[in-house]
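Asks: using only what follows, build the 3D model:
(2 chains)
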Amino acid sequence: DSGVTQTPKHLITATGQRVTLRCSPRSGDLSVYWYQQSLDQGLQFLIHYYNGEERAKGNILERFSAQQFPDLHSELNLSSLELGDSALYFCASSGGTSGQSTDTQYFGPGTRLTVL
Amino acid sequence: GEDVEQSLFLSVREGDSSVINCTYTDSSSTYLYWYKQEPGAGLQLLTYIFSNMDMKQDQRLTVLLNKKDKHLSLRIADTQTGDSAIYFCAEGRPGRLAFGKGNQVVVIP
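Replies: Below is the predicted model of the structure:
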């Protein structure tokens, strides 16, 4: 158990809908990262938040957004869902004070999103 | 993955050693990581190596780093059925990890 929690575990929805995925980092970790894992694209970095501020953006679509709240939990919002958005979405956290590449990331169990 | 190359599949007999290879691209990466993903599970951090090291041993795991060739390998000694999983190497980039596509290891009893 990494100490990172994600809810829900599974999510099934229809095209065009909007969903929110939630992540709670390890106690004391300031950084939260979101990744998408799909069969064709592999593991892709989406976005990184450090202490409530966006720090880095990867291959995140404009239909997707995220935020980190004062209690450090984070939410990933996916809107206007398409079939191709079906994937595993992972959250990771790290405890570094700078949010840099030297900070080891610990991953949650993931949310499996299925868009029908 | 993002320019981190891994071979896709490895089959190994229980008790043998298994070696998984990875080629990365960013020579400025400070840390390189190995993660394990079991079926239906998240990513478990196995080990990591600092870029100024050539080798790191952690129980049954040995990581070798060849910085000149940007080549990383993970050796699992005395492979067990519980080692069956997908193994991802990742390089640490500013604020994120760049992953390879993973290498599926199947351990045959």
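Asks: got the residues of chain A near chain B?
Replies: Contacts of chain A with chain B, taken as CB under 8 Å from any CB of the partner chain, map to A:2, A:33, A:35, A:42-45, A:48, A:50, A:55-56, A:58, A:90, A:92, A:99-102, A:104-110. Bear in mind the C-beta positions are built from the backbone N, C-alpha and C, glycine included.
Asks: now restrict these to buried residues only.
Replies: Neighbour counting by 16 or more other CB atoms under 10 Å in any protein chain shown classes A:2, A:33, A:35, A:42-45, A:48, A:50, A:55-56, A:58, A:90, A:92, A:99-101, A:105-110 among those as buried.
Asks: is the closest residue to A:Ser94 other than its chain neighbours part of a helix or strand, or is it coil?
Replies: Take A:Ser94 and drop its neighbours on the chain: the residue closest to it by CB to CB, 6 or more residues apart in numbering or on different chains is A:Asp103, 3.8 Å away. The assignment at A:Asp103 comes out as coil when based on DSSP: H, G, I helix; E, B strand; the rest coil.
Asks: so A:Asp103 is in contact with A:Ser31, correct?
Replies: Yes: if you go by CB atoms under 8 Å, A:Asp103 and A:Ser31 touch, sitting 6.3 Å apart.
Asks: low-confidence ranges, chain A, go.
Replies: Applying pLDDT under 70 to chain A flags residues A:96-102.
Asks: what segments of chain A are strands?
Replies: Assignment of strands within chain A using DSSP state E yields the ranges A:5-7, A:10-13, A:19-24, A:31-38, A:42-50, A:53-57, A:64-68, A:74-78, A:87-94, A:106-107, A:111-115.
Asks: count of neighbours near the residue nearest to A:Ser94?
Replies: A count of nearby residues for A:Asp103, using other CB atoms under 10 Å in any protein chain shown, gives 23.
Asks: distance-wise, check it relative to A:Leu21.
Replies: 22 Å (CB to CB, to the nearest Å).
Asks: go on, A:Leu116?
Replies: Taken as CB to CB, the span from A:Leu116 to A:Leu21 is 17 Å.
Asks: of the two, which one has the most company?
Replies: Legend: neighbour count by other CB under 10 Å for A:Leu116 and A:Leu21, higher for A:Leu21 (22 against 10).
Asks: residues contacting that one?
Replies: Taking CB atoms under 8 Å, 6 or more residues apart in numbering or on different chains, we find A:Leu21 in contact with A:6-8, A:11, A:75-78, A:89, A:91, A:111, A:113.
Asks: in JSON lines: those residues, plus neighbour count and distance to B:Asp69.
Replies: What follows is those, written out as JSON lines (neighbours: other CB atoms under 10 Å in any protein chain shown; distance: CB to CB, whole Å):
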{"residue": "A:Gln6", "neighbour count": "21", "distance to B:Asp69": "37"}
{"residue": "A:Thr7", "neighbour count": "13", "distance to B:Asp69": "42"}
{"residue": "A:Pro8", "neighbour count": "13", "distance to B:Asp69": "43"}
{"residue": "A:Leu11", "neighbour count": "18", "distance to B:Asp69": "42"}
{"residue": "A:Glu75", "neighbour count": "16", "distance to B:Asp69": "41"}
{"residue": "A:Leu76", "neighbour count": "24", "distance to B:Asp69": "37"}
{"residue": "A:Asn77", "neighbour count": "13", "distance to B:Asp69": "42"}
{"residue": "A:Leu78", "neighbour count": "24", "distance to B:Asp69": "39"}
{"residue": "A:Tyr89", "neighbour count": "24", "distance to B:Asp69": "34"}
{"residue": "A:Cys91", "neighbour count": "30", "distance to B:Asp69": "33"}
{"residue": "A:Thr111", "neighbour count": "21", "distance to B:Asp69": "37"}
{"residue": "A:Leu113", "neighbour count": "22", "distance to B:Asp69": "38"}
